[in-house]
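Chemist: kindly return the folded structure for what I paste below:
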Amino acid sequence: MKKICIILGCLILPFLVSCQREYVQPDALYSLEFDLRPGDWTAMGDCFQVDLDVKEITRKVCQTGSVQCFLVYEDGTQASLPMQRFLSAEVENPETGEKSVVYYQKQIEFEYAVGVVSLFYTFSDFYYEGYPERMTVRVVIHY
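Modeler: Alright, predicted model coming up:
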């Protein structure tokens, strides 16, 4: 019985240890900052969009790397995108003059392809702030 177990073990063992994994280690980390102004955004129906020209995003980055975006605040803190914020605002009814508080959300998300990062800024349908405020966005490329 021992001999059968040893023989089976010798036959099965090479199959268990022969699988190889390919580890892809990022070669580099690249960071860019963009200062966006309200006029940079284009109204696209229910959201605003801006396309950032990022020539550093190559086909290799899209296939084996990744891209991250961050909203950079004036005090240096950063928020990872996509980001969703829940806010409130006081509004006045134009017919009655009565004031009330509305609750709404705004969302910033992104997508990327070779050479471009597209940002999307969306308000909920309860409140509209107008064009997005001035902001700084940091794009980090891992490849």
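Chemist: all the strands of this protein, residue numbers only.
Modeler: Assignment of strands within the chain using DSSP state E yields the ranges 29-36, 42-44, 47-53, 66-72, 78-80, 83-92, 99-113, 116-123, 135-142.
Chemist: could you point out which of those sits nearest residue 59?
Modeler: Nearest to residue 59, of all the strands of the chain, is strand 99-113, at 9.7 Å by Cβ to Cβ. (Glycine included, C-beta is placed from N, CA and C.)
Chemist: just checking, what packs against that closest one?
Modeler: strand 66-72, strand 83-92, strand 116-123 (3 or more Cβ pairs under 8 Å, 6 or more residues apart in numbering; DSSP states H and E).
Chemist: so who does residue 80 touch?
Modeler: If you count contacts by Cβ atoms under 8 Å, 6 or more residues apart in numbering, residue 80 has them with 68-70.
Chemist: nearest to residue 123, out of those residues: which one, please.
Modeler: Once Cβ to Cβ is applied, the member of those that ends up nearest residue 123 is residue 69, at 19.0 Å.
Chemist: ok, and the closest non-adjacent residue to that closest one?
Modeler: residue 81 (4.3 Å; Cβ to Cβ, 6 or more residues apart in numbering).
Chemist: pretty sure that neighbour is touching residue 108, no?
Modeler: Yes. With contact defined as Cβ atoms under 8 Å, residue 81 counts as touching residue 108 (5.6 Å).
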